[in-house]
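A.B. asks: here is my input, please return the structure:
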Amino acid sequence: MAETSHSMATQICNQIATIFTKPTTTPPPLDLLVDQISTTSAQKGRIFVYGVGREGLMLKALCMRLAHLGLSVYCVFDMTTPPIGPTDLLIASAGPGGFSTVDAICKVAKSNGALVLLLTAQPESGSSVEYATVVAHVPAQTMADDHQVGHVDESRPLLPMGSLYEGVLFVLFEMVVFKLADILGQTPEAVRARHTNLE
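C.D. replies: Numbering: from 1, shown residues only. Reported below is the predicted structural model:
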């Protein structure tokens, strides 16, 4: 019997919620992100974000909301992205532990004096960790440990490959924005006023 959309949605939301109860090898990602972003803002620094694939899309969504909070924030590779430097913060994601582009961008940011906050599910073995100043452990399934793919005797997962990690990033970033709005003293009206009207 086919599952209902409500049942599937509940299962997906429950899978995402359980990640926030798992122990991490670092301070909680929520605390690290809020602390680093608010510190960067207080120092008049800028925030840069980068990730590949669907992780990158989650970071672009965070970038949009940080702009709505009044922060100076940029997506790496946008044509208007300025050079990174001291007092700036790069938030990068490498769920499976490393990507050649993430490694290279983190290395350049760090060599220019910026703080690099890396989000990853593989904090012990990933190549990108080498270039991070701060590591935020997000203990969710990614392509690095998606062992169900190809096993015909097991049921097809609702969240295959890195979907769980990416879903967790979306929820995590919404919590970050909520907490930052209080810290930065941003009212809902002020946030809405910064939303684009060119739509």
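
A.B. asks: can you tell me the SS state at Thr26?
C.D. replies: coil (DSSP: H, G, I helix; E, B strand; the rest coil).

A.B. asks: can you tell me the closest non-neighbouring residue to it?
C.D. replies: Once flanking residues are discounted, Thr26 sits nearest to His137: 4.6 Å by CB to CB, 6 or more residues apart in numbering. For the C-beta atoms, the positions are set from N, CA and C on the backbone; glycine is no exception.

A.B. asks: I'd say the one you found and Thr120 touch.
C.D. replies: Yes - with contact defined as CB atoms under 8 Å, His137 counts as touching Thr120 (6.9 Å).

A.B. asks: more crowded one of these two?
C.D. replies: Between His137 and Thr120, Thr120 has the larger neighbour count (other CB atoms under 10 Å), namely 31 against 21.

A.B. asks: which residues sit in contact with that one?
C.D. replies: Thr120 makes contact with 93-97, 126, 128-129, 135-138, according to CB atoms under 8 Å, 6 or more residues apart in numbering.

A.B. asks: so of those, which ones are in strands?
C.D. replies: Among the contacts of Thr120, the ones falling in strands (DSSP state E) are 93, 135-137.

A.B. asks: most neighbours out of those, which is it?
C.D. replies: Neighbour counts for those (other CB under 10 Å) peak at Ser93, which has 28 neighbours.

A.B. asks: and the pLDDT at that one?
C.D. replies: Predicted confidence (pLDDT) for Ser93: 97.

A.B. asks: who does it form a beta bridge with?
C.D. replies: For Ser93, the beta-bridge partners under DSSP bridges are Leu119.

A.B. asks: thinking it is in contact with Val102, fair?
C.D. replies: Yes - judged on CB under 8 Å, Ser93 makes contact with Val102 at a distance of 7.3 Å.

A.B. asks: list residues touching both of the two?
C.D. replies: With CB under 8 Å, 6+ apart as the test, Ser93 and Val102 both reach 50-51, 118.

A.B. asks: closest to Gly167 among those?
C.D. replies: The closest of the shared contacts of Ser93 and Val102 to Gly167 turns out to be Gly51 (CB to CB; 14.1 Å).

A.B. asks: how far away is that closest one from Pro123?
C.D. replies: Taking CB to CB, to the nearest Å as the measure, Gly51 and Pro123 are separated by 16 Å.

A.B. asks: who's more crowded, the two?
C.D. replies: Between Gly51 and Pro123, counted using other CB under 10 Å, the more crowded position is Gly51 (26 against 20).

A.B. asks: apart from its chain neighbours, what residue comes closest to the more buried one?
C.D. replies: For Gly51, ignoring the flanking residues on the chain, the nearest one in space by CB to CB, 6+ apart is Ser93 at 3.8 Å.

A.B. asks: might you report the residue contacts of that neighbour?
C.D. replies: By CB under 8 Å, 6+ apart, the residues touching Ser93 are 50-51, 55-56, 58-59, 102, 118-120, 169.

A.B. asks: how about 10 Å then?
C.D. replies: For Ser93, the contact set (CB atoms under 10 Å, 6 or more residues apart in numbering) comprises 49-56, 58-59, 62, 99, 102, 117-121, 128, 136, 138, 165-166, 169.
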